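[1] Give me a model of this one.
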Amino acid sequence: MGSQIFVRERRKVEKGEKKPRFRVVGVGGGELKLKVKHIRKKELDQIKDATGAEIVMLDAGQGKKDGGGQAG
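    Below is the predicted model:
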């Protein structure tokens, strides 16, 4: 089994904005390591083509949008 790159769409990026649209959540299998948190689709495709890795798009869900993180 080859490497897998797990990504999800960022929530605070609008269409047409000049910011990377995807968030790298994790990498599994093989020797592939990514040194970025945010990446563009075109860059993901180039990495996939060069390494043979599989891109796994995660469903981030919508949530309640109330900042529902854990209070410390």
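[2] residues of the helix or strand residue 46 falls within that come out buried?
    Using DSSP states H and E, residue 46 sits in helix 41-51. Neighbour counts over helix 41-51 (16 or more other CB atoms under 10 Å) mark 44, 47 as buried. From N, CA and C alone the C-beta is placed, and that goes for glycine too.
[3] my read: residue 52 touches residue 5, true?
    No: counting by CB atoms under 8 Å, residue 52 does not reach residue 5; the two are 11.2 Å apart.
[4] Neighbour count for the two, which is higher?
    Under the criterion of other CB atoms under 10 Å, the comparison of residue 52 against residue 5 puts residue 5 first, with 23 against 11.
[5] Is that one in contact with residue 24, as I believe?
    Yes: in terms of CB under 8 Å, residue 5 counts as a neighbour of residue 24; the distance is 6.7 Å.
[6] for residue 58, what are its contacts?
    6, 7, 8, 25 (CB atoms under 8 Å, 6 or more residues apart in numbering).
[7] Neighbour-wise, give me the winner out of the residues you listed.
    residue 7 (22 neighbours).
[8] if we can go back for a sec, for the contacts of residue 58, which one is nearest residue 39?
    Using CB to CB, residue 7 comes nearest to residue 39 of these, at 7.3 Å.
[9] quick one, what contacts residue 48?
    Per CB under 8 Å, 6+ apart, neighbours of residue 48: 5, 54, 55.
[10] who does the least confident helix or strand in the chain by mean pLDDT pair up with?
    Here the helix or strand of the chain ranked lowest by mean pLDDT, DSSP states H and E is strand 22-28, holding a mean of 83. Partners of strand 22-28 in the sheet, by DSSP bridges, are strand 4-9 (antiparallel), strand 38-39 (antiparallel).
[11] I'd like those written out as TSV, with mean pLDDT and distance to residue 17 added.
    TSV is the format used below for those (pLDDT from 0 to 100; distance: least, CB to CB, whole Å):
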stretch	mean pLDDT	distance to residue 17
strand 4-9	85	12
strand 38-39	86	12
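[12] Dump those into CSV; add distance to residue 15 as well.
    Formatted as CSV, those follow (distance: least, CB to CB, whole Å):
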stretch, distance to residue 15
strand 4-9, 11
strand 38-39, 16
